[in-house]
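Student: Show me the folded form of this:
(chains A and B)
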Amino acid sequence: MVIPLSLRKNEPSMEDYLIDLESERRVLSSMLHSEDACIEVYDLLSNADFYSPRHATIFDLAISLFEREIRPTLVELLKEGHSLGVFTNPRDIEELKYIVEQYIDDENIKYWIKRVKDKARLRKFEAFLKRNMQLLVEQQESDVEQVLMEAEEELTNLTALEIDDKIDSPADMASLGYSEVERRFLRLKEIRELHKGVLPLDGLPTGFDNLNHITLGYKAGDLIILGAQTGHGKTSFALHTSRAIAVDARKNLLYLNTEMSREQIALRWGSILSQIDHDRVRSGDISETELSIIFNGYSQLRESGFYSYPCPNLTPEKAISIARKFKAQKGIEMMIVDYVGRMDKLDPKLQEWQILEQIVKTLKMLAQNLKIVVMCLVQLNPDGSLQGAKRMKNECDLMLKLTPIPREELEEREELKNYINPNYYIHIDKNRDGRSGIRIPITFDLQKQIMGDARRVDE
Amino acid sequence: MPDHEQLLKKIYGETASRIADCCFRGELDEEHMRLLLNLLDLSVVKKQHPELFLLLQEWMDYFTDSENDRIIEATLLAMDFNDQETMPEHMKIIAELINEEKALQ
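Tutor: Sure thing, here's the model as predicted:
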């Protein structure tokens, strides 16, 4: 005779297999003590993963505070819980106190999250077994094949779908395909009828009309690589892009800079937004009228969606963590990393190209997971080539190179004579969604830190 | 974690839950509960505005439940402890009221 698990002496009960309140408390406690823990938990757990309804409530409160940029301390939880009327019993307060006191800040948060998640999945499995057992008892005349098929499908969902967020069925794929074609058909119709042939953007504005036309904007999930040689406009390009997206289009954007100080970035904005020479802004050699123009420029920045994070020792892990936080709290649509070569190494034994490849892969995954655009700036070699270019190119959706137009080319290339003072090219090296191998002439005013499409003579 | 930090955490947890419990039992109204909790967070977790606690200590030394004392209390209750821009202004008002009270005594 088989003895039920719960009756065997000295053996863990079924509840021990399915419930782990200690892990739940540790996860919650970590959230109350560390912002990094909040960021991890925000992405990986939901309230349904907690067995204890009280824990699920505390989790919801902490997440709600975190989303509003309020640190979820015990006091903030008590205030929030009181306002919402969710703490109705002194035992709720006792439990909260117990969590805070007993389980201190824990760096091993991923381990505890996994435990909570695993138990939640086991409970789903138990519910599946119970449901099917009941089905067997109550519906003995059912078609065996049908019962087994349904059980198999449910069980498969329990395992596979937990890992892959979504698997498209044939119907899903057909429906998605049709709606995409329909959307494009209607858009083209609208372009012809309303916009007189000018294509509206599919993503965020690039800051260059010609680049907008070719790419239809930077799209969520895209990784864009911009390469330039030292002193040839990487940061200017990044801030020009930031201006188009965060100042002009008022979308939220996060700018990670590994080289410059807060003051340097702020001063750059002064000349970009006022169109006054950067050297003069920096030295204070300006008139009172110009000071007033600069002040007006900063008013635009104040109202914009530009968030800056100067970070000299940036690692890929830190970039992920910051991006998640800003996505959750500010709803950023784009992140710019200026620049990849200055990021700290994951493993000192790796070659430079291997490190760059790893970073670029991480950033691509980040763009897809958070559904944001990620632009990373890389340094070109003096001959214009890029170390590890082939591998980087494989990972990115759009690869751009910013290069000065050689003097001979300016003198000899007839096409360039149709433009007013072009001095740089944006070379589209790769474009997953459209044409590549194109060079767009632009003007880059180094003194004013301003870039723009090179205007045609006949415009 | 050093012992004194653990002890501080324990005192923090105990104090916060005691304040919330008093509100549950009706011994403290909600706005006073919020004020006490905010002060607790400010001193233990956020570790900001230590000058406010010096002010509160000074206030208690001269407290007579006067008109000024009631204005100070109302100012404290109205303070937004998450707004770093208005906090110094409120503390300035409180300091002025305490000085006025001291002069009266």
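
Student: give me the element the spatially most central residue of chain B is part of.
Tutor: Taking C-alpha atoms, centre = their mean, the centroid of chain B lies closest to residue B:39, which sits 4.3 Å from it. Here residue B:39 sits within helix B:30-41, counting by DSSP states H and E.

Student: On the C-terminal side of that helix, identify the next helix or strand.
Tutor: Sequence order places helix B:50-61 as the next helix or strand after helix B:30-41, per DSSP H and E.

Student: mind saving the C-alpha coords of that next one as CSV?
Tutor: Taking Å, rounded to 0.1, in the frame of the first residue of the first chain, the C-alpha atoms of helix B:50-61 are listed here in CSV:
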residue,chain,number,x,y,z
PRO,B,50,19.0,66.9,10.5
GLU,B,51,18.4,70.6,11.3
LEU,B,52,14.7,69.9,11.4
PHE,B,53,15.2,67.6,14.4
LEU,B,54,17.2,70.3,16.2
LEU,B,55,14.3,72.7,15.5
LEU,B,56,11.8,70.2,16.8
GLN,B,57,13.8,69.7,20.0
GLU,B,58,14.0,73.5,20.4
TRP,B,59,10.3,73.7,19.8
MET,B,60,9.6,71.2,22.6
ASP,B,61,11.7,73.2,25.0
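
Student: Just checking the distance from that helix to the centre of its chain.
Tutor: Helix B:50-61 sits 9 Å away from the centroid of its parent chain (C-alpha atoms, centre = their mean, to the nearest Å).

Student: Need the mean per-residue confidence for that helix.
Tutor: Averaged over helix B:50-61, pLDDT sits at 92.

Student: May I see the buried residues of it?
Tutor: B:52, B:55, B:58, B:59 (16 or more other C-beta atoms under 10 Å in any protein chain shown). Just so you know, the C-beta spots here come from the backbone N, C-alpha and C atoms, and that holds for glycine as well.

Student: Nearest to chain B within the stretch 351-459 of chain A, name that residue for me.
Tutor: Of all residues in the stretch 351-459 of chain A, residue A:370 sits closest to chain B, at 26.7 Å by C-beta to the nearest C-beta.

Student: Now do the same contact list for that residue.
Tutor: A:323, A:324, A:327 (C-beta atoms under 8 Å, 6 or more residues apart in numbering or on different chains).

Student: Distance of the residue nearest to the centre of chain B relative to residue B:81?
Tutor: Going from residue B:39 to residue B:81 by C-beta to C-beta, to the nearest Å gives 8 Å.

Student: Likewise for residue A:381?
Tutor: Distance, residue A:381 to residue B:81, using C-beta to C-beta: 53 Å.

Student: Of the two, which one has the most company?
Tutor: Ranked by neighbour count (other C-beta atoms under 10 Å in any protein chain shown), residue A:381 and residue B:81 place residue B:81 first, with 21 against 11.

Student: What number of residues are in the vicinity of the nearest residue to the more buried one once chain neighbours are set aside?
Tutor: Nearest residue to residue B:81, sequence neighbours excluded (C-beta to C-beta, 6 or more residues apart in numbering or on different chains): residue B:38, at 4.1 Å. Residues near residue B:38, counting by other C-beta under 10 Å, number 20.
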